[in-house]
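[1] Need coordinates for the below:
(chains A and B)
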There are 2 protein chains.
Amino acid sequence: MHHASDILLTLFIVFVAAQVGGEIAQRLKLPGVVGEIAAGCVVGPSLLGWIVPEQVATGTPLDVLAEIGVVLLLFSVGLETRLDDLKKVGRTALLVGVVGVLVPFGMGALWAHGSGFDWDKSMFVAAAFVATSAGITARVLQELGALQRMESKVILGAAVIDDILAMLLLGVVVSLQGGAGFDGGRLLLVLGEAVGFIAVIGWGGSRVMRRHSHWLDKPRNVQSPLLVALALCLGLAWVSTLFGLAAIIGAFLAGMIASETRQQHTLEQQTRPLLALLTPFFFVVTGSKIDLHELAGADALWALLLATVIAIVSKLVGGGLGALPLGRRGAAIVGFGMVPRGEVGVVIASLGLAAGVFDNRIYAIIVAMSLLTAMVTPPVLAWLLRHTPASDGTAGTDTTS
Amino acid sequence: MHHASDILLTLFIVFVAAQVGGEIAQRLKLPGVVGEIAAGCVVGPSLLGWIVPEQVATGTPLDVLAEIGVVLLLFSVGLETRLDDLKKVGRTALLVGVVGVLVPFGMGALWAHGSGFDWDKSMFVAAAFVATSAGITARVLQELGALQRMESKVILGAAVIDDILAMLLLGVVVSLQGGAGFDGGRLLLVLGEAVGFIAVIGWGGSRVMRRHSHWLDKPRNVQSPLLVALALCLGLAWVSTLFGLAAIIGAFLAGMIASETRQQHTLEQQTRPLLALLTPFFFVVTGSKIDLHELAGADALWALLLATVIAIVSKLVGGGLGALPLGRRGAAIVGFGMVPRGEVGVVIASLGLAAGVFDNRIYAIIVAMSLLTAMVTPPVLAWLLRHTPASDGTAGTDTTS
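    Numbers count the residues shown, from 1 in each chain, chains lettered A, B, ... in the order given. Reported below is the predicted structural model:
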């Protein structure tokens, strides 16, 4: 009985901390998500120690709630995204995704090698510089009601491509560590499977839903459209992990498919209370993983500062270059939109620690870098979005497909 | 990464199983909740083994989701309940609560003593016959839109009293096991604290909310009424565990307070998607805890049958006697409404197992009895409710306060 009491207290603390942090941030004209992450850092082990998340394991109740939170968030973002819109920005998104992976990977590897790692290990470290965490940017875009902007479509499309490439890259660097050598054929197979999964679900699913959305009303339960959509969301989130992709990619696809149904508006409304309850867990847990103690000392702080600057600049340049067709302001929005590493960087650092490639110091630096990029981006992105007139959604030079 | 995949698969299985079970039950004209519990039994360790909940621990992600689900369910039931309505049935509810605890306790103790336990241990076993699980009845009442009926108010009021008494009784029987003797003063203190907590929150909170509900709109977040209400729900759920009460009592009080606000209707609508996502976890996890293997064999089945009959008859007689002022049909509804033991019986059995009072066999029987009462009740209750005209809410002979 006492254990149930502890869990409820933790849930209460996380939820209230998120609301207080979000409220303070909004009154300071910052995106609420910044306040939620900062609140996580405050109640986490570094400062108050009211909640103690596991750094490496992902099976605790808080981690699961965080996972459900970000899965639902990307589902709701998918609900506001149509396949046709993504197709319009296909070429730009592909460019942003590819260049936005190559530049951070190169710069990250150079930095790690300069910090004293051999090349094989440096490439593992560099992998943590690569993967964008779509959740944080998506939340900012949603908070500002900017999901229908051209730049947002490019960011979302690029995030999907980014995730595929990051997964492949991680496969390569992990295979390099064992000395077992590089198996190009297997990687091609993995790439083919992932692209195939996304294409079949995204394209096929959208077509099916457009024609047969009356099925969602078939079950007796009055909440049935939501229930079918949630089952689809959880199911595709799981399946996408089978293809080595992040769960949020599947959730995003599920939302995108559901956006083709005639119940789309109802689904959007019904999803909002779910986000209100569950996404705070994701952001507070993310913030609570910042370990301030490992970063005490000038050396560590300099290393962190350098790593963070490299992480920001490399993604801004890589992502921005790919998005130049959208104009300079548009390119800056896309570039900054790709900057947050958030929990993806944390996951890769955890893998590196488990594989014995990372020591505690580089682990703490990479984790802090990932989370700093997540905290720095939202205010900048919000400022850029507020001060850049929205294109009409069909403008820009990307006229292919 | 692989662990996240397992968790997502489990969530998907639980959610889909609940929907399929609920759908089948509704097509068979049974309450959906019966299908969800049965689905839990099917996917649980006894049959398919797709999900494996812990019997004793309550810290796994599935248990936490189940807890959040039932907390939200009772919060939403509270949202449909006003303090003034409960006051009207106060005397009847008190009678139902008290007699509905004494009769099952007595009959349970006799049965356990007859099964070969000494009196001290028999009283521990009997404690598992006492506590009603409000969640299952509340769900049936909500599914049938019967929460505004006189009988429903009596059941909800009695469930609160039942929980206080069950907690006290458990305190007594646990203290008897150690041989440390009985401390009447401490128990009076515990009783006073629990009653005080409920009175202060229920009465004071309702008054405050009636006058100051504009505070709920103060925060910047557009979802703010829901967010404040959810914080209140989690907070009071936690506080009520500090007073030794079930978390759902605090959640029910939070809902009852929130029902006094002018945002009550919005809150009700926003809570529905939360219930849709999270309550299935409670019912499927409950069902998955039925261990069919321990019950193989005629002896165990006979013992289970007898225990279940005693559990049903004793609560029906005890609860029904207290509710006789509502007429015979009304008394039957109230009596059956108090029958489900559900997860409360499971928790007490777990305590008994941990304390070394229960062996595996009696543990399995008590758990199965608790869950059988949870499965048998909903169809009977639904039938009774459908075939009994609703009283006008002020009728009946309970004219006090």
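
[2] Mind checking the pLDDT average for stretch A:388-396?
    Here stretch A:388-396 scores 58 as its mean pLDDT.

[3] how about the helices in the stretch 101-250 of chain A?
    A:119-130, A:134-143, A:150-177, A:184-199, A:205-212, A:224-242, A:247-258 (DSSP state H, counting those that start in this stretch).

[4] just the ones you listed: most buried one?
    helix A:247-258 (a mean of 28; mean count of other CB atoms under 10 Å in any protein chain shown). All C-beta spots, glycine's among them, are computed from the backbone N, C-alpha and C.

[5] For the helix or strand following that helix, what does the pLDDT average out to?
    Scanning forward in sequence from helix A:247-258 by DSSP states H and E, the next helix or strand is helix A:264-288. Average pLDDT, helix A:264-288: 90.

[6] Does helix A:264-288 reach chain B?
    Yes. Helix A:264-288 is in contact with chain B by CB under 8 Å from any CB of the partner chain, via A:270, A:271, A:272, A:273, A:274, A:276, A:277.

[7] can you pick the most crowded of the residues you listed?
    residue A:277 (29 neighbours; other CB atoms under 10 Å in any protein chain shown).

[8] you'd agree residue A:382 is up against residue A:139?
    No. The pair residue A:382 / residue A:139 is not scored as a contact, 10.9 Å apart, by CB atoms under 8 Å.

[9] Would you mind grabbing the residues shared as contacts by those two?
    Listed contacts common to residue A:382 and residue A:139 are residue A:31; contacts here mean CB atoms under 8 Å, 6 or more residues apart in numbering or on different chains.

[10] From chain B, how far out is residue A:111?
    Per CB to the nearest CB, to the nearest Å, residue A:111 is found 25 Å from chain B.

[11] Skipping its backbone neighbours, what lies nearest that residue in space?
    Nearest non-adjacent residue to residue A:111, counting by CB to CB, 6 or more residues apart in numbering or on different chains: residue A:310, 5.2 Å away.

[12] Can you give me the neighbour number for that neighbour?
    Neighbour tally, residue A:310, other CB under 10 Å: 19.

[13] What helix or strand is the residue lying closest to residue A:256 once chain neighbours are set aside located in?
    Leaving out its chain neighbours, the residue that sits closest to residue A:256 by CB to CB, 6+ apart is residue A:78, at 4.1 Å. Assigned by DSSP H and E, residue A:78 falls within helix A:61-79.

[14] so what's residue A:280 up against?
    Residue A:280 neighbours (CB under 8 Å, 6+ apart): A:14, A:15, A:18, A:19, A:22, A:36, A:69.

[15] Swap in 6 Å and give it another go.
    A:15, A:18, A:36 (CB atoms under 6 Å, 6 or more residues apart in numbering or on different chains).

[16] One more: residue A:124?
    A:173, A:352, A:357.

[17] Report the buried residues of the one helix or strand residue A:12 maps to.
    Using DSSP H and E, the element containing residue A:12 is helix A:2-27. By neighbour count with 16 or more other CB atoms under 10 Å in any protein chain shown, helix A:2-27 contains the buried residues A:4-5, A:7-26.

[18] check those residues against chain B, which are close?
    A:4, A:5, A:7, A:8, A:9, A:11, A:12, A:15, A:16, A:19, A:23, A:26 (CB under 6 Å from any CB of the partner chain).

[19] Would you reformat those residues as a markdown table and include distance to residue B:325 and pLDDT?
    A markdown table is the format used below for these (distance: CB to CB, whole Å; pLDDT from 0 to 100):
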| residue | distance to residue B:325 | pLDDT |
| --- | --- | --- |
| A:4 | 36 | 69 |
| A:5 | 37 | 79 |
| A:7 | 40 | 87 |
| A:8 | 37 | 91 |
| A:9 | 41 | 93 |
| A:11 | 40 | 94 |
| A:12 | 40 | 95 |
| A:15 | 42 | 96 |
| A:16 | 43 | 95 |
| A:19 | 45 | 94 |
| A:23 | 49 | 91 |
| A:26 | 53 | 84 |
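
[20] Adding distance to residue B:334, write those out as TSV.
    Compiled in TSV, these are given as follows (distance: CB to CB, whole Å):
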residue	distance to residue B:334
A:4	28
A:5	30
A:7	32
A:8	30
A:9	34
A:11	33
A:12	33
A:15	35
A:16	37
A:19	39
A:23	44
A:26	48
